[in-house]
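> A structural model of the following input is requested.
(2 chains)
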Amino acid sequence: MTGGRKLLGHAALLLPPFGWLTVFYLGSLFALLLSAFWQVDSMSGEILHEWTLDNFRILVTDSTYRVIAERTIGIAVLVTITDIILAWPLAYVIARKVGPRMKLVLLVLVALPLWSSMLARIYSWRLILGHDGVLNWFLRTAGLPEQSFAFTNVALWIVFTYLWLPFMLMPLVSALERIPASLPDAAGDMGATPFQTFRTVIFPLAIPGMAAGSVFTFAVTLGEYVTPMLVGGAGSEFIGNVVYSNVGVSGNIPFAAAYSMILLVVVAAYMLLARQFGAFDGA
Amino acid sequence: MKGFSALLLATCCTAMMAQAQAADLPTSVGKGEGDLNVVAWEGYADDVWVKPFEQQSGCKVHRKYVGSSDEMVALTRMGGGKGFDVVSASGDAALRLIFGKNVQPVNISLIPAYGDLMPELKEPSFNTVKGVHYGISYEWGPNVLMWNTKTITTAPTSWSVIYDKAHAGVITVPDNPIQIADAALYLSHTKPELGITDPYELTQPQMDAVVSLLKEQRPLVKKYWALASDEVDLFKSGDAQVGAAWPYQANTLRAANVPVQDTIPTEGATGWADTWMISTHAEHPNCAYLWINHVMTPKVQAQQALSFGETPANTKACAEMDTMQPGSCKQYHADASAAYFSTIKFWKTPVKQCGNGQNNCLDYAAWQRAWQQVKQ
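This is a model prediction of the structure:
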């Protein structure tokens, strides 16, 4: 009897969060899924609530959308790998080489850019990479050949890598911190060289941190559309840009919904993969 | 017989529609409601003429700027079109707004300046349907070829420069499906065998040819510009040196001491003609009429023309322009002859129905997809 009442109490406690999740989160996802099967009247621009697979047919048959999806995923992978490589040395120093005071200073410095507007940071890269920009001024002064990264996919790669580096760094730092000092010490006692210690002890134990960081860098790059719009050039469209131009510009919400399904599927697949590598274990 | 009854039905319904709309037209302009929500092109609601309007009418102007016709249509439709009162729609958006029932017929007898409009713009097909006026023609102009005179020293006379590998990496063109028409216009001269007579009426084979030209152009393009300010930035930083532009960008750049020149090449140019239209759901219809009457006065027409680099629809603006800036009436073609007007192919919404009665032209949705294919 009391057990039944307890169960009821638990249910009452769980109802509000579950209701919230269902209505706001799953509800909007469901609406998205549903609208992907509708179409838009090309002349009046009104949404016609008639079932059609046209949107998906266009996505499958028109190679344009495959090319854009491949570019989006490709650059997201590239950015993730670059951020892992760039984050390692600094994360290692912060986690294991400096005192508490210095650690705080370094962590604040890493987080500092996040206190400013992302838009301002992206625009500042336009000033750096532009034809008459800071980088070329520097190269000219140093007597080196000028570059033209501005408005290319290289610019996208650089700016994304810069934007998301803190999101890779933080989980990596906390993963490295958690490795007890006794483990590398023990490896050393057993005669392992520093490189062997790193390869067999430290790196494997940091994998969950990298996996967690990569969920940020990969998923966030995948859904971005502002950076491609501002620093990308001809042939820099992302999935997000196609969605943006279909919703914000031409009002074709059904097609945008159908295309954004790709993001949903890819991110879900990536999350499952990251979970295998322990991305969500520490939480 | 069937055809005849269909015709009869069409006639009766059109007549009824026209009658119903005539009955709905306001008969006088009342006192302003205090606010006016404007959706306009960048530079179309400048403080220079907005401030005097606010003082005279008591209508506070709230502005929203857009960068493309598509965006303009999307914005005016948001929330069922209740959020705006007036919009400065170009020819490619105007018909979509009319057929989407987003704008209401206007009573031209309440707009005194209507009598002074250029004859060609009194009832153009992009804002007047079956004799019903859905707005008042405002200003117009061509899409010009613009280049940096420091790096390109011989003045180009053909659109061919923006398809030329010699300028790879320094070309910029608008990020807009209507850019397809510019390429179609160029092809109508260079490849007459395609049989393109109207750049807004393309069959599938003609579109394929245009898309393949634009795909060849893509690797040469530095960036497709979405906002006028984007192109200004590109020319300022030296990232772009030649491209398709509006006279507005050329004026802005010259004012910032960037050495640019612009021209209408020998192939002619596409162009736009804008119309002030009133929302079907306008919450401030009196302010809307007051606004249109204000911006159609010769003085505001002249101010707008000089600041944006375009041509007024009101013929009386010519004299005003010359007072403000001697010689500008001629320079901005405010005294344009019908012959000059006819060299510009004005933006209109591509529809399935071709001008020759055939039904095999591509509609706007197909244009949009083609443009996405080009940009990839």
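
> can I have stretch A:91-110 written out in PDB, keeping just the CAs?
The C-alpha coordinates for stretch A:91-110 follow below in PDB (Å, rounded to 0.1, in the frame of the first residue of the first chain):
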ATOM      1  CA  ALA A  91      45.800  21.100 -21.900                       C
ATOM      2  CA  TYR A  92      48.700  19.000 -20.700                       C
ATOM      3  CA  VAL A  93      50.600  22.000 -19.300                       C
ATOM      4  CA  ILE A  94      47.400  23.400 -17.600                       C
ATOM      5  CA  ALA A  95      46.500  20.000 -16.100                       C
ATOM      6  CA  ARG A  96      49.800  18.600 -15.000                       C
ATOM      7  CA  LYS A  97      52.700  21.100 -15.200                       C
ATOM      8  CA  VAL A  98      51.700  24.300 -13.500                       C
ATOM      9  CA  GLY A  99      50.600  25.300 -10.000                       C
ATOM     10  CA  PRO A 100      47.000  26.200  -9.000                       C
ATOM     11  CA  ARG A 101      47.400  29.900  -9.400                       C
ATOM     12  CA  MET A 102      48.900  29.700 -12.900                       C
ATOM     13  CA  LYS A 103      46.300  27.100 -13.800                       C
ATOM     14  CA  LEU A 104      43.500  29.600 -13.000                       C
ATOM     15  CA  VAL A 105      45.200  32.300 -15.000                       C
ATOM     16  CA  LEU A 106      45.600  30.000 -18.000                       C
ATOM     17  CA  LEU A 107      42.000  28.800 -17.800                       C
ATOM     18  CA  VAL A 108      40.700  32.300 -17.700                       C
ATOM     19  CA  LEU A 109      42.800  33.200 -20.700                       C
ATOM     20  CA  VAL A 110      41.400  30.300 -22.600                       C
END
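
> what sits up against it?
If you take CB atoms under 8 Å, 6 or more residues apart in numbering or on different chains as the criterion, stretch A:91-110 is touched by A:90, A:165, A:166, A:169, A:170, A:172, A:173, A:174, A:176, A:177. Backbone N, C-alpha and C define where each C-beta goes, glycine included.

> could you redo the last one with a cut-off of 6 Å?
Outside of stretch A:91-110, the residues that reach it under the criterion CB atoms under 6 Å, 6 or more residues apart in numbering or on different chains are A:166, A:169, A:172, A:173, A:176, A:177.

> can you give me the strands for the stretch 151-300 of chain B?
B:171-174, B:221-225, B:242-245, B:260-263, B:269-279 (DSSP state E, counting those that start in this stretch).

> Pipe those strands into JSON lines and attach mean neighbour count and distance to residue A:17 per row.
Formatted as JSON lines, these follow (neighbours: other CB atoms under 10 Å in any protein chain shown; distance: least, CB to CB, whole Å):
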{"stretch": "strand B:171-174", "mean neighbour count": "26", "distance to residue A:17": "48"}
{"stretch": "strand B:221-225", "mean neighbour count": "26", "distance to residue A:17": "45"}
{"stretch": "strand B:242-245", "mean neighbour count": "26", "distance to residue A:17": "54"}
{"stretch": "strand B:260-263", "mean neighbour count": "18", "distance to residue A:17": "59"}
{"stretch": "strand B:269-279", "mean neighbour count": "25", "distance to residue A:17": "42"}
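
> mind putting the ones you listed in JSON lines, mean pLDDT included?
Formatted as JSON lines, those follow (pLDDT from 0 to 100):
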{"stretch": "strand B:171-174", "mean pLDDT": "96"}
{"stretch": "strand B:221-225", "mean pLDDT": "94"}
{"stretch": "strand B:242-245", "mean pLDDT": "96"}
{"stretch": "strand B:260-263", "mean pLDDT": "94"}
{"stretch": "strand B:269-279", "mean pLDDT": "95"}
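
> Arrange the ones you listed in JSON lines, one row each, with distance to chain A as further columns.
Formatted as JSON lines, the entries for the strands of the stretch 151-300 of chain B read as follows, by distance: least, CB to the nearest CB, whole Å:
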{"stretch": "strand B:171-174", "distance to chain A": "9"}
{"stretch": "strand B:221-225", "distance to chain A": "4"}
{"stretch": "strand B:242-245", "distance to chain A": "12"}
{"stretch": "strand B:260-263", "distance to chain A": "15"}
{"stretch": "strand B:269-279", "distance to chain A": "15"}
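
> before we move on, the earlier item: quick check on the contacts of stretch A:91-110: which are buried?
Neighbour-count burial (16 or more other CB atoms under 10 Å in any protein chain shown) applied to the contacts of stretch A:91-110 gives A:166, A:169, A:172, A:173, A:176.

> Could you pull up phi and psi at the third one?
Read it as residue A:172. The phi and psi torsions at residue A:172 (degrees, to the nearest 10) take the values phi -70, psi -40.
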